[in-house]
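Student: Make a model of this:
(chains A and B)
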Amino acid sequence: NAGVMQNPRHLVRRRGQEARLRCSPMKGHSHVYWYRQLPEEGLKFMVYLQKENIIDESGMPKERFSAEFPKEGPSILRIQQVVRGDSAAYFCASSGGGGQFFGPGTRLTVL
Amino acid sequence: GENVEQHPSTLSVQEGDSAVIKCTYSDSASNYFPWYKQELGKRPQLIIDIRSNVGEKKDQRIAVTLNKTAKHFSLHITETQPEDSAVYFCAANSGGGADGLTFGKGTHLIIQP
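Tutor: Numbering: from 1, shown residues only, chains lettered A, B, ... in the order given. From the prediction side, this is the model:
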């Protein structure tokens, strides 16, 4: 029973480039959440999606950030024109309606 | 929106002793309170959770208590072991349903041998 999968695990981008982070939920889970974690800090909620729908994006910056969870394939968090302040660990979690289970995270470094 | 405060930020206990971590929340509509354990460089792992219709829940050495009136909940770890050393996060949902979680800032638990 595969858990939540994320790729890539590490991503290095130069300022101004685009970052694409992918998340495959646990089998049977239809709820996906994205969180950002800065070093030595807690996790900050960004966006909550179900298949083909954004349910709550209140934690996601309005500019440069977008998320999707298509009918087929993984959920994608896209960051356009990255800046140094975007460097962080990005975790996704999935749920079947109960507890949220986290993936291993993508560590984004912006040079 | 929801605000979750967590104390202490660092907790050092002797192996075999108990550890207690406390959290408060602000949104009275919150009804789901999970606890996560995160080791350095790893993913947060759900270790126990409680819903607002329950006052206490126990799983082996771990227990969680919830006081809805006072809006606080606590994690209790008994007979601590070296492998319990990690950062622990409490969280609360944003008012019901399968919402995003608001996390506390974490407690670094150190188990002294």
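Student: For stretch B:26-36, what does the pLDDT average out to?
Tutor: Mean pLDDT, stretch B:26-36: 93.
Student: Same check on stretch A:63-83?
Tutor: Stretch A:63-83 comes out at a mean pLDDT of 96.
Student: now stretch B:5-20
Tutor: Mean predicted lDDT for stretch B:5-20 stands at 97.
Student: Output that stretch as CSV, nothing but the C-alphas.
Tutor: Written as CSV, here are the backbone C-alpha positions of stretch B:5-20 (Å, rounded to 0.1, in the frame of the first residue of the first chain):
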residue,chain,number,x,y,z
GLU,B,5,-0.2,28.2,20.1
GLN,B,6,2.1,25.4,21.3
HIS,B,7,4.3,25.2,24.4
PRO,B,8,7.1,24.6,25.3
SER,B,9,9.3,25.1,22.3
THR,B,10,11.9,22.8,23.7
LEU,B,11,11.4,20.0,26.3
SER,B,12,14.2,17.9,27.7
VAL,B,13,13.3,14.9,29.9
GLN,B,14,15.1,11.9,31.3
GLU,B,15,14.6,8.6,29.6
GLY,B,16,11.7,6.8,31.3
ASP,B,17,10.0,10.0,32.5
SER,B,18,6.8,11.5,31.0
ALA,B,19,6.6,14.4,28.6
VAL,B,20,3.6,16.8,28.2
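Student: Please identify the buried residues of it?
Tutor: Of all the residues in stretch B:5-20, those buried under the rule 16 or more other Cβ atoms under 10 Å in any protein chain shown are B:Gln6, B:Leu11, B:Val13, B:Ala19, B:Val20. No exception for glycine: its C-beta is placed from N, CA and C like everyone else's.
Student: Any residues of chain B in contact with chain A? List them.
Tutor: Taking Cβ under 8 Å from any Cβ of the partner chain as the contact definition, chain B meets chain A at B:1, B:6, B:34, B:36, B:42-46, B:49, B:89, B:94, B:98-106.
Student: before we move on, the earlier item: and the two most separated of the buried residues of stretch B:5-20?
Tutor: Distance extremes for the buried residues of stretch B:5-20: the farthest pair is B:Gln6 and B:Val13 at 16.6 Å, using Cβ to Cβ.
Student: all helices of chain A, in order?
Tutor: Counting by DSSP state H, chain A forms no helices at all.
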